[in-house]
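1. Need coordinates for the below:
(chains A, B and C)
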Amino acid sequence: MISIQFKQLNGTPFQKLVWAELLKIKRGETVTYKELAKRIGKPKAIRAVANAVGANPLPVKIPCHRVVRSDGTIGGYSGRGGVKTKKMLLKQEGVIF
DNA sequence: CACATGACCTAAC
DNA sequence: TGTTAGGCCATGT
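-> Prediction:
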């Protein structure tokens, strides 16, 4: 079933918050899910944050590819193979693993 | 309302 | 070093 619809763009306040923080990220800068969770005021809600980022309906407008795991690993990106795209993007931004 | 899922984290074996 | 288990929060079914 198709889940993403423009109406859902408003989604929940949490998602908005997460996306807002994501938009705050500047080019060449990366943040961990932990940091992101901390920024929104819920360092324990990291799971919810990850879900919110994964529910990001505007992957082009939102730099979700700048979000990595605490270990420095890529984590994931739009599905499965999207990870390599994320890697490429991060490399392009000047991020070193 | 209760159950199941997930782009997670930390600790333990 | 790699895998397993438990915990945490919000979302979707």
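2. measure the residue nearest the centre of chain A to residue A:31 for me?
-> Using CA atoms, centre = their mean, the residue of chain A that lies closest to the mean C-alpha position is residue A:64, 3.4 Å off. If you measure residue A:64 against residue A:31 using CB to CB, to the nearest Å, the figure is 11 Å. In short, each C-beta sits where N, CA and C put it, glycine included.
3. what do you get for residue A:23?
-> In this structure, residue A:23 and residue A:31 are separated by 12 Å, where distance is defined by CB to CB.
4. of these two, who's got more company?
-> residue A:31 (18 against 12; other CB atoms under 10 Å).
5. Quick check: bridge partners of the more buried one?
-> Residue A:31 has these beta-bridge partners by DSSP bridges: residue A:67.
6. Next, the nearest residue to residue A:69 once chain neighbours are set aside: secondary structure please.
-> If the residues on either side of it in the chain are set aside, residue A:69 comes closest to residue A:75, at 4.4 Å by CB to CB, 6 or more residues apart in numbering. Here residue A:75 takes the coil state, with states given by DSSP: H, G, I helix; E, B strand; the rest coil.
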